[in-house]
Structure formats: structure tokens, C-alpha cells
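[1] Sharing a model prediction with you, sequence too.
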Amino acid sequence: MTTTSIPATLIPGDGIGPEIVDATLAALDALKAPFAWDTQIAGLGGVKASGDPLPQATLDSIRKTRLALKGPLETPSGGGYRSSNVRLREEFQLYANLRPARTIIPGGRFDKIDLVVVRENLEGLYIGHEHYVPIDGDPHAVAMATGINTRQGSRRLLEYAFDTAVATGRKKVTLVHKANIMKALTGIFLETGLDLYEKKYKGKFELDTVIIDACAMKLVLNPWQFDMLVTTNLFGDILSDLVAGLVGGLGMAPGANIGTDAAIFEAVHGSAPDIAGKGIANPTALLLAAALMLDHVKLPELATRLRTAIDETLNIDKVRTGDLGGTAGTEAFTKALVSRINGA
Ligand code: NAI
């Protein structure tokens, strides 16, 4: 194992963020993961401290380290500031969002799930081109949004997904779209994917296509028919929560935001304001995100040790948080996990 320290930005985040980040740091410390953390703020924490949901110092830090572990950041609904998550993805051109979902606790409603959702992270309906049209004194009479998908943006995401499928031995990739209705917006993604497969990836894995609504139904009826799902921004956001539900909920779902110049690792879930500060949050999603981060910096042995320790804590010690039907709080779970990492 390398002993060279790896500079990385740490954003504890809002709501349950600091609680699950503390748990994750305890596990990484026990593993002696060589990260040299530069702690920064964003989201509601940024607004409270400096009036800015994405302070310049945070951006500068990530520009320098090109690597971050991030707790969830709160975004007001309807009005207020634009999502710091979306802005971070744009700022560092983190065009691919990798969201693996694997059954860790057997015997649930869906067993032996091993799925990956790859979501386009920058384009589509997330570009924020939205406005209202006032009519007859009603300022919100009409709401309009523009979605943009480009051939180049679709292609780089699809190349990332297809390369990942080959590198990780995925047998089947499914392109998820709605090209029957949004013929241009999601048609371009489908067309680019089919073309890329024919020209560069044919025979390396099976390629399939499915319309988003049918995909949602099929995922609930028979998720095992899928292996890797690749889709546009909004569909990917929705499907990755659905897929998280198949493996025990949001507490179990990690995410990696990957770009050419930086990578940011986080849980799929948000700041969970309903349970913040209660000491009951499940840190597993962020811990699994830290495992993805260890893979990313080419420390796969540490990633495997972390995943094994999580598995043993949940399944052998049966220490589980409330969202998984257990009674442990975040701290008790973390203590059990650290004991496992230390080989106790
Ligand atoms: P949420 O994911 O925060 O919570 C949804 C439900 O899942 C809640 O009942 C919550 O208690 C539960 N939950 C989530 N994570 C959990 C965990 N680790 N352990 C146990 N239970 C957990 O979604 P919500 O409430 O829609 O969003 C809250 C805030 O988070 C919003 O401001 C939203 O914009 C933000 N958000 C941020 C994300 C990010 O930073 N990447 C992603 C999603 C939402």
C-alpha cells in the first residue's frame, strides 16, 4: 500500500452530513487511508457562514485536489439558490454519475441485486433554463423549461459507461430513453448510443434499449433482467433512487461524479432534515462512496477491506440502523464497523 498522502477536499455538508461524514472518517482512519483532508463548506452551511452556497475557497480547494468526499447539501425547493450539487458538477465538468446498487443484506424483498446506473450529469432538463410567463396579473401563469442534450455530451457519457461496462465485466447495458415522446431531446442520446455501440463496442457486451416508463415497471417486477442502465440526467436521478430502494433504501446507495479533471464522491441521498441531529442516520451510503473513492485513487485493497467490514457489521454482527430495521444509532454502527476493520 502506498504511504504517499493524497490531498482531498472534504465537505461535511448539511443535515445528517456531518454525522455520516464523521462515521466515514472514522472508518477511513481505521483503514489508514492516506487522504490529507482540506475541509470546506457548501450548501446551507455555506449560506450561513458566508452568504454563499458554493464559496470560492471550496471551489479553489477542489480545483487543487481534484478529489472530494461530500456530505449531502441542502437545496431549497421552488425558489432560493440554485443547487450547489448541480453547480459543482458543472464547474468541474463531472459529466458521469456512477451509482452502483448491490444487495448487502440478503433476504429482502429483492435479493442478489447487482446493478449499476450511469447517469448523464450535466445536460438535459438540469441546465436550469427555466422561467415563468406572467398572464393577467398571475406571475406564475405559465412555467417553461428547456432541456438540452448534445451529441458530444451524450457521446462522452456513453463512452464512459461502455468503457466501465467492459472494465467491470458487465454483460448487458440498457439505454433508457423516452424517444417516443421527446424525440429530439432523448432521441439524440439513444441514436448516439446505438451508433457508438455499432462502431466501437459491438460484441463486447449485449446492448438493449427500453423506454423509461417501461423500465420503471420492469425494475420493480424483475430487476435481475438488467445489469447496467445508462440514461439521461433526470431519468437517471429518478431511476437511481428506485434502484436504491431495491437494495434497502437510500441509506445503502453510493454515487461517484466523474469528470476528466476531478471526481466527487457522495451518497445518493440528501440531507435528511427529518432525522438530522438525532444520531440515527445510516452512514453506509457514504461509506460505500468512500470505497468508490478508494477504487478511484487505485487503492482497491482498502476499498475491499471497507466493503467487507460493512458486510460483516451488517450481516454477521447484525448491527444495523433503524432504516434497515435495526436499533443501532450512527455511533454504535460506526464503532462496530471500526472493530471489524481493526480485525476484532
Ligand atoms: P433525502 O434523501 O434527504 O431523504 C429522503 C428520506 O430518506 C427521508 O425520510 C430521510 O430521513 C431518509 N434518509 C435519507 N438518507 C438517509 C440515511 N443515510 N439514513 C437513514 N435515512 C435516510 O431527500 P429529501 O428529504 O427529498 O431532501 C432533503 C434535502 O437534501 C433537500 O434540500 C435536497 O435538495 C437535498 N438533496 C441533496 C442531495 C445531494 O447533496 N447529493 C441529493 C438529494 C437531495
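    Everything's here; your move.
[2] can you pull the contacts of the residue nearest to residue 315 when sequence neighbours are not counted?
    Taking CB to CB, 6 or more residues apart in numbering, and ignoring the residues beside it in sequence, residue 315 has residue 105 as its nearest neighbour in space, at 6.4 Å. In this view, the C-beta of every residue, glycine as well, is placed from N, C-alpha and C. Under the criterion of CB atoms under 8 Å, 6 or more residues apart in numbering, the contact list for residue 105 reads 248, 314-315, 320, 324.
[3] ok but residue 105 is inside a helix, no?
    No. For residue 105, which was evaluated using DSSP: H, G, I helix; E, B strand; the rest coil, the result is coil, with no helix membership.
[4] Let's see the pLDDT reported for it.
    Confidence per residue is given as pLDDT, and for residue 105 that number is 94.
[5] Around the ligand, pick out the residues from the stretch 101-250 of the chain.
    Those residues of the stretch 101-250 of the chain that sit near the ligand, judged by CB under 6 Å from any ligand atom, are residue 250.
[6] Tell me where the stretch 101-250 of the chain has strands.
    114-120, 124-135, 138-148, 172-177, 206-211, 228-231 (DSSP state E, counting those that start in this stretch).
[7] can you count the residues close to the residue in the stretch 201-344 of the chain that the ligand sits nearest to?
    The stretch 201-344 of the chain approaches the ligand most closely through residue 270 (2.3 Å), counting by CB to the nearest ligand atom. Residue 270 sits with 17 neighbouring residues when counted by other CB atoms under 10 Å.
[8] I'd say it and residue 20 touch.
    No. The criterion here is CB atoms under 8 Å, and residue 270 misses it with residue 20 at 11.6 Å.
[9] could I get the strands of the stretch 101-250 of the chain as CSV with mean neighbour count and mean pLDDT?
    Formatted as CSV, the entries for the strands of the stretch 101-250 of the chain read as follows, by neighbours: other CB atoms under 10 Å; pLDDT from 0 to 100:
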stretch, mean neighbour count, mean pLDDT
strand 114-120, 24, 97
strand 124-135, 14, 92
strand 138-148, 11, 96
strand 172-177, 23, 98
strand 206-211, 16, 98
strand 228-231, 27, 98
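[10] hang on, the earlier thing: which of the contacts of residue 105 are buried?
    Buried positions within the contacts of residue 105, assessed by neighbour count (16 or more other CB atoms under 10 Å), are 248, 314, 320, 324.
[11] got the contact list for the last one?
    Going back to what we said before, that points to residue 324. Applying CB under 8 Å, 6+ apart to residue 324 gives the contacts 105, 248-249, 251-252, 282, 314.
[12] hmm, try it at 7 Å
    Residue 324 makes contact with 105, 248, 251, 282, according to CB atoms under 7 Å, 6 or more residues apart in numbering.
[13] Kindly provide the distance from the first one to the ligand.
    For residue 105, the distance to the ligand under the criterion CB to the nearest ligand atom, to the nearest Å works out to 14 Å.
[14] Farthest-apart pair in the contacts of residue 105, please.
    When the contacts of residue 105 are compared pair by pair using CB to CB, the farthest-apart members prove to be 248 and 315, with a separation of 12.0 Å.
[15] most remote residue from the chain's center?
    The centre of the chain is farthest from one residue, residue 136, which by CA atoms, centre = their mean lies 42.5 Å away.
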